[in-house]
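*Asks:* Return a 3D structure for these sequence lines:
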Amino acid sequence: QIFLAALQRAAILTNEKFRGLRVVLESGSLKVISPNAEQEEAQEEIEAETKVDSLTIGFNVNYLLDALSALLSLIISIVGLFVSFYAVGYLRHEVAKEIIGPRRVKQFFILFELFLFAMLLASSAANPVLMWIAIEATTLSTAFLISFYNKATATEAAWKYLIINSLGLLIGFLGTLPFLSLPHEFVEGSIMTWADLRAAAPDFNPMVAKVAFLFVLVGYGTKVGLVPMHTWLPDAHGKAPSPISALLSGVLLNVALISLLRFKGLVDLSVGTTEFTSALFMYFGLASIVLASLIIFTQRNYKRLLAYSSIEHMGVIALGIGFGGVATLAAFFHVLYHALTKVFLFLAAGNILLRFSSTKFEHVSGVIRALPVTGILFLGGFLAISGLPPFGMFFSKFLILSGGVEAHLPVMIAALLALSLAFYGFFRHVSPMLFGSLPAGIERGEANRLTVLPLLALALAYLFLSFSVPEPIMAILSGAADMVNLQ
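*Replies:* Take a look at the predicted model:
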């Protein structure tokens with residue numbers, strides 16, 4: 001009944017405000033003209049104009065930059081830059097080996113740029129409808145990239161990704177509708193912005209907001225890869241080209257997570273406390289950590305291993321959000337550190353795949369002998385992603401787990417045990433892969449400079465941020481934590 005009422009209200013508003021309107025372009029202005037203009041004193045005009053603080057394009061669709069969108073834009077820009085350079089060297093090597101043709105390279109970069117654009121649009125969208133459209137656009141563009149090699153298993157993974165994520169986003173959109181229909185005095189024929197919704201949130205019906213958030217959590221949580229909505233993720237990450245796997249894991253999961261956090265803020269303002277949403281994040285996060293850790297222990301494919309590691313770390317971030325307080329700030333540090341490290345590891349995995357032509361552990365051994373630079377960097381990435389000191393993830397994990405000691409000790413202990421199992425499972429697989437004997441017939445040496453230099457740049461960036469966080473980045477992370485903690 002709640003969702004039917006929301007749909008009915010949206011339909012009524014649409015009919016009342018826009019029935020019979022026609023859109024024309026005149027003298028560089030976008031005009032919406034009513035057929036009853038002769039009976040009105042003046043025609044209404046909606047002009048596309050550029051402002052310093054925001055961009056307004058018809059129907060008051062704004063693009064904003066707050067702490068959450070600034071964090072995402074920073075990650076997308078930095079990671080996208082390095083992955084772009086890496087993709088050139090990666091695909092150049094595949095063309096030389098006649099795995100793909102030059103025409104496929106053109107198709108790859110068209111979809112690649114559309115993917116980056118859609119993520120930037122989702123991160124800066126000022127209203128939930130535009131954000132939803134942009135995230136759905138990431139699904140459509142990446143589905144073709146996952147099936148890039150036209151293999152049966154890759155095509156199956158792409159269809160699985162497309163169906164599960166589209167269904168999840170549909171559920172998320174159903175949860176979005178009640179939020180758009182709850183405010184009354186703010187609706188004037190235009191789509192509600194996040195600022196409008198936050199201003200109106202204290203007057204929302206708390207029960208309606210809670211029910212709607214459950215739909216949003218399942219919907220966007222599917223894109224985040226939280227258990228049990230994670231089933232698409234290992235196949236998609238494992239079958240996509242390595243540059244795309246890096247963006248899926250290091251960036252796209254965070255885009256969906258930040259989108260989910262925006263709805264969390266609305267519910268917290270409506271209910272007057274963070275307890276409801278924090279409990280959901282905490283238990284979904286714990287489930288993701290535990291399940292991923294168990295599967296990591298038994299994994300046989302190193303790209304799928306990294307995919308399950310992403311599920312584990314999204315669980316760690318969700319756990320920090322659930323614990324609240326300083327753990328929330330640590331969770332945003334973890335978002336940044338995980339983005340850099342996981343992209344770095346997937347790109348290194350791409351170099352290993354180029355040399356060994358296999359993603360199975362049984363066929364890969366002696367990586368440090370075959371690829372000295374990539375092997376050493378992969379070892380460093382493994383230590384970093386495991387949260388060992390002195391890397392930044394050690395401090396973010398430590399602060400997140402510390403945040404649960406006082407109020408959620410059993411959850412914290414369970415998470416700590418699961419993380420320990422994940423570390424052992426990761427080490428169990430990576431050690432023989434890196435230090436084992438080199439199979440006969442495997443050439444030594446890196447593919448080309450463009451497949452190594454981006455890894456070095458990402459490693460240096462991660463090391464720098466582990467020991468020194470610039471003040472502007474610190475302000476962004478603190479601002480994001482304050483928004484989630486309602487401060």
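*Asks:* what sits against the residue nearest to residue 247 when sequence neighbours are not counted?
*Replies:* Excluding its sequence neighbours, the residue lying closest to residue 247 (Cβ to Cβ, 6 or more residues apart in numbering) is residue 83, at 5.9 Å. Placement of C-beta: from N, CA and C, glycine included. By Cβ atoms under 8 Å, 6 or more residues apart in numbering, residue 83 lies in contact with 243, 246-247, 343, 347, 454.
*Asks:* From residue 108, how far out is residue 83?
*Replies:* For residue 83, the distance to residue 108 (Cβ to Cβ, to the nearest Å) stands at 12 Å.
*Asks:* quick one on the thing from earlier: so which two of the contacts of residue 83 are the farthest from each other?
*Replies:* The span of the contacts of residue 83, defined through Cβ to Cβ, is set by 247 and 454 at 12.6 Å.
*Asks:* returning to that earlier point: and the contacts of residue 83, which are buried?
*Replies:* 243, 246-247, 343, 347, 454 (16 or more other Cβ atoms under 10 Å).
*Asks:* Check what pLDDT residue 331 gets.
*Replies:* Predicted confidence (pLDDT) for residue 331: 96.
*Asks:* what's the answer for the one 5 residues further on, then?
*Replies:* Here, the pLDDT recorded for residue 336 equals 96.
*Asks:* Sticking with it, tell me its helix or strand.
*Replies:* Using DSSP states H and E, residue 336 sits in helix 326-356.
*Asks:* how about that helix: buried residues?
*Replies:* Judged by neighbour count (16+ other Cβ under 10 Å), helix 326-356 contains these buried residues: 327-356.
*Asks:* Look up the closest residue to residue 89, ignoring the ones flanking it.
*Replies:* Using Cβ to Cβ, 6+ apart and skipping the chain neighbours, the partner closest in space to residue 89 is residue 450 (2.7 Å).
*Asks:* Pick the one among the buried ones among the contacts of residue 83 closest to residue 216.
*Replies:* Using Cβ to Cβ, the buried ones among the contacts of residue 83 come closest to residue 216 at residue 247, 23.7 Å.
*Asks:* wait, doesn't the closest one sit right on residue 118?
*Replies:* No: counting by Cβ atoms under 8 Å, residue 247 stays clear of residue 118, with 11.1 Å between them.
*Asks:* how about residue 319, what does it touch?
*Replies:* Residue 319 sits next to 281-282, 285-286, 289, 327, 331, 400, 404, 411, 415 when contact means Cβ under 8 Å, 6+ apart.
*Asks:* please redo it, this time with the cut-off set to 7 Å
*Replies:* Taking Cβ atoms under 7 Å, 6 or more residues apart in numbering, we find residue 319 in contact with 282, 285-286, 289, 400, 415.
*Asks:* Looking at these, which is nearest residue 374?
*Replies:* Top of the list for closeness to residue 374, among the contacts of residue 319 and by Cβ to Cβ, is residue 289 at 28.4 Å.
*Asks:* The closest one contacts residue 313, doesn't it?
*Replies:* No: using Cβ atoms under 7 Å, residue 289 is not in contact with residue 313, being 8.6 Å away.
*Asks:* rewinding a little: the buried ones among the contacts of residue 83 into TSV, with extra columns for pLDDT?
*Replies:* Output for these, formatted as TSV (pLDDT from 0 to 100):
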residue	pLDDT
243	95
246	95
247	96
343	95
347	96
454	94
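*Asks:* For the residues you listed, could you give me TSV that also reports distance to residue 465?
*Replies:* Below are the buried ones among the contacts of residue 83 laid out as TSV (distance: Cβ to Cβ, whole Å):
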residue	distance to residue 465
243	22
246	18
247	19
343	13
347	18
454	16
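*Asks:* Residue 203: which of these is nearest?
*Replies:* For these, the nearest to residue 203 is residue 247 (39.3 Å; Cβ to Cβ).
*Asks:* helix/strand/coil for residue 261?
*Replies:* What DSSP: H, G, I helix; E, B strand; the rest coil gives for residue 261 is helix.
*Asks:* Can you tell me the closest non-neighbouring residue to it?
*Replies:* Leaving aside its sequence neighbours, residue 261 sits nearest to residue 484 (Cβ to Cβ, 6+ apart; 5.6 Å).
*Asks:* can you check residue 114 too?
*Replies:* Spatial nearest neighbour of residue 114, chain neighbours left out: residue 141 (4.5 Å); criterion: Cβ to Cβ, 6+ apart.
*Asks:* so how far is residue 431 from that neighbour?
*Replies:* According to Cβ to Cβ, residue 141 stands 37 Å off from residue 431.
*Asks:* Looking at the two, which one has more neighbours?
*Replies:* Legend: neighbour count by other Cβ atoms under 10 Å for residue 141 and residue 431, higher for residue 141 (20 against 12).
*Asks:* how about that one, what does it touch?
*Replies:* If you count contacts by Cβ under 7 Å, 6+ apart, residue 141 has them with 111, 114-115, 118.
*Asks:* Please narrow the residues you listed to those residing in helices.
*Replies:* Counting by DSSP state H, those place 111, 114-115, 118 in helices.
*Asks:* between these, which is nearest residue 443?
*Replies:* Nearest to residue 443, judged by Cβ to Cβ, of the ones in helices among the contacts of residue 141 is residue 111 at 30.7 Å.
*Asks:* returning to what we had before: now restrict the contacts of residue 319 to buried residues only.
*Replies:* If you count burial by 16+ other Cβ under 10 Å, the buried members of these come out as 282, 285-286, 289, 400, 415.
*Asks:* Next, give me the two most distant ones among those residues.
*Replies:* 286 and 400, at 11.8 Å, using Cβ to Cβ across the buried ones among the contacts of residue 319.
*Asks:* okay, now the nearest residue to residue 151 once chain neighbours are set aside: neighbour count?
*Replies:* Using Cβ to Cβ, 6+ apart and skipping residues adjacent in sequence, the residue nearest residue 151 is residue 239, 7.5 Å away. Residues lying near residue 239 (other Cβ under 10 Å) number 25.
*Asks:* My guess is residue 239 contacts residue 155. True?
*Replies:* No: with contact defined as Cβ under 7 Å, residue 239 does not count as touching residue 155 (8.7 Å).
*Asks:* can you give me the strands for the stretch 51-200 of the chain?
*Replies:* Secondary structure of the stretch 51-200 of the chain, counting by DSSP state E, counting those that start in this stretch: strands at 55-57, 61-63.
*Asks:* among these, which gets the worst mean confidence?
*Replies:* Per-stretch mean pLDDT for the strands of the stretch 51-200 of the chain is lowest at strand 55-57 (a mean of 36).
*Asks:* Name the SS class of residue 445, please.
*Replies:* Secondary structure, three-state DSSP: residue 445 is coil.
*Asks:* next one: the one 10 residues further on
*Replies:* Secondary structure for residue 455, judged by three-state DSSP, is helix.
*Asks:* Poorly predicted segments of this structure, please.
*Replies:* Within the chain, the stretches with pLDDT under 70 are 1-62, 183-190, 487.
*Asks:* Spatially central residue in it, please.
*Replies:* What sits nearest the mean C-alpha location of the chain, by Cα atoms, centre = their mean, is residue 253, with 2.2 Å.
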